[in-house]
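[1] Give me the fold of what follows.
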Amino acid sequence: MKPLGLILAFTPLIAFSLLSRFLSHDLIGVAGLVAALCALIVILTGRPIWPPKVLNTSQVVIFGVIAVLGFAVSKGDDRWLATWGGAGVGLVLGLVILALVPVVPFTEQFAKESTPQAYWSSPTFIKINRVLSAAWGVAIFLIGVSRVVAAAINGHTTRRLPEIILGLAVPAIIIIYMLRFSKSYPERVTHEPAHAAAGSQGG
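    Reported below is the predicted structural model:
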């Protein structure tokens, strides 16, 4: 699985996270709209276009809802939506990814682009993608938790350190780890049978 494909798939989430942090709270609808359009562009530029990848489709829906709410809510509510919606979107997306693991692990659709069709129904292929999808779901959820905690702390202090650590550093570390895990785990699992066979022959 190519790390670049995963990075592009999460472009809408990254775009929304940056825009919701740096734009004023009354522009949260704009941030949601831009993120939803990014997700739509990723769908239209991907191959194959149909069926669309569940991760991209989920992001279109999530950010589309935030965009609608952002343009519809009153001035007093947009600050709340910008603060907690911007921080908590990772919680929602993480839960969606986890809920889809038994049905359609989102990494499976990316893996099929570089894996011969003969292997799609193999237990190893299914195991790898269920583990990777579950790991990404937990990772995105933890990023959401970190950002929600950062938002909660920011409401009670003027210091920027909690935001830097919890809002930026922790998510970056989690994403870097997951990109490495997404590359190393399939290689480790696919080599397990060979190692086991070599061990049994040696014994």
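
[2] quick one: pLDDT of His156?
    Listed pLDDT for His156 reads 64.

[3] cool, the one 5 residues further on as well?
    Listed pLDDT for Leu161 reads 77.

[4] Kindly report the same for Ala118.
    pLDDT recorded at Ala118 is 87.

[5] repeat for the one 5 residues further on
    On pLDDT, Pro123 comes in at 91.

[6] residues making contact with the helix or strand hosting Ile66?
    Applying DSSP states H and E as the criterion places Ile66 in helix 54-72. With contacts defined as Cβ atoms under 8 Å, 6 or more residues apart in numbering, helix 54-72 is touched by 9-10, 12-13, 16, 27-33, 35-36, 39-40, 42-43, 46, 78, 81-82, 85, 89, 92-93, 96-97, 100, 104, 106, 109. Backbone N, C-alpha and C define where each C-beta goes, glycine included.

[7] Can you select the buried ones from those in PyMOL?
    The PyMOL command for the buried members of the contacts of helix 54-72 (criterion: 16 or more other Cβ atoms under 10 Å) is given here:
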select buried, resi 9+10+12+13+16+27+28+29+30+31+32+33+35+36+39+40+42+43+46+78+81+82+85+89+92+93+96+97+100+106+109
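
[8] So which of the contacts of helix 54-72 are in helices?
    9, 12-13, 16, 28-33, 35-36, 39-40, 42-43, 78, 89, 92-93, 96-97, 100, 106, 109 (DSSP state H).

[9] List the buried residues in the helix holding Ile66.
    Per 16+ other Cβ under 10 Å, helix 54-72 contains these buried residues: 54-60, 62-64, 66-67, 69-70.

[10] Just give me the closest of the residues you listed to Met178.
    Proximity of the buried residues of helix 54-72 to Met178 (Cβ to Cβ) peaks at Leu55, which lies at 13.5 Å.

[11] Specify the local secondary structure of Glu113.
    coil (DSSP: H, G, I helix; E, B strand; the rest coil).

[12] number of nearby residues for it?
    By other Cβ atoms under 10 Å, 13 other residues sit near Glu113.

[13] What residues does it make contact with?
    So Glu113 contacts Gly5, Arg47 (Cβ under 8 Å, 6+ apart).

[14] thinking again about what came up before, what is the nearest of the buried residues of helix 54-72 to Arg188?
    Checking the buried residues of helix 54-72 one by one against Arg188 (Cβ to Cβ), the nearest turns out to be Leu55, at 23.4 Å.

[15] which residues of the chain score low on pLDDT?
    Residues of the chain meeting the criterion pLDDT under 70: 1-3, 49, 75-78, 155-159, 192-203.

[16] 80 instead?
    Along the chain, the model assigns pLDDT under 80 to residues 1-6, 21-23, 25, 46-51, 73-87, 151, 154-163, 167, 191-203.
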